[in-house]
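Novice: fold the following and give me the result.
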Amino acid sequence: MNENNNNNRQQGLQIEMPQEVAQGEYSNFAVITHGSGDFVIDFARVLPGVPKAQACSRIIMAPEHVKRLLLALNENVMRYEAEFGQIKLPNKETGGIKLDAFDPSKGEA
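Specialist: Below is the predicted model:
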C-alpha cells in the first residue's frame with residue numbers, strides 16, 4: 001500500500017463537545033417520522049401525572065445515516081447485553097408501560 005492511500009484513510013473524527021450539550025437530555029419517548037429524503041426523530045420526556053410530553057430534542061437525518069445509526073445501536077445493544085444481561089421490556093403482566101398502546105404506524109418508540 002502506498003503512502004497516498006495511507007494518508008487518505010480517515011484518521012478519526014474529533015468532536016467538539018460544548019458544555020451545554022455535554023450535560024445531555026433525558027428522554028424516555030421518541031416519535032419517528034420520515035419523508036422521501038429524511039427522517040425526523042423527536043425525543044421527549046413523559047412524566048407521571050403530566051398530560052403532555054415535553055419535547056427535548058429534534059434530530060433530522062438522511063436515510064443513509066439513520067440506517068448506520070440503526071446498525072450501531074444494534075451492535076451496542078448486543079455488547080451491552082453481553083456484559084450486563086438482557087434488557088427486559090415492560091409488558092402487561094409486569095405492570096409496566098404497555099408498548100402496544102402506541103400506534104406503530106406513527107413511529108413511536
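Novice: contacts, neighbours, all on C-alpha from now
Specialist: Will do.
Novice: looking at this, Gln14 is in a helix?
Specialist: No. Gln14 sits outside any helix when classified using DSSP: H, G, I helix; E, B strand; the rest coil, being coil.
Novice: what sits against it?
Specialist: Taking CA atoms under 8 Å, 6 or more residues apart in numbering, we find Gln14 in contact with no residue.
Novice: go on, Arg58?
Specialist: Contacts of Arg58 (CA under 8 Å, 6+ apart): 40-43.
Novice: so which pair among these is furthest apart in space?
Specialist: Val40 and Phe43 (9.8 Å; CA to CA).
Novice: quick one, which of the two is more surrounded?
Specialist: Phe43 (23 against 17; other CA atoms under 10 Å).
Novice: what's the closest non-adjacent residue to that one?
Specialist: Nearest non-adjacent residue to Phe43, counting by CA to CA, 6 or more residues apart in numbering: Ala30, 4.5 Å away.
Novice: re the thing from before, from the contacts of Arg58, which land in strands?
Specialist: Those of those mapping onto strands are 40-43, per DSSP state E.
Novice: any idea how far the helix or strand containing Thr33 is from the chain center?
Specialist: Take DSSP states H and E as the rule and Thr33 turns out to sit in strand 29-34. Distance of strand 29-34 from its chain centroid, counting by CA atoms, centre = their mean, to the nearest Å, is 10 Å.
Novice: go on, stretch 85-94?
Specialist: Centroid separation for stretch 85-94 versus its chain: 19 Å, with CA atoms, centre = their mean.
Novice: ok, now stretch 57-71?
Specialist: 8 Å.
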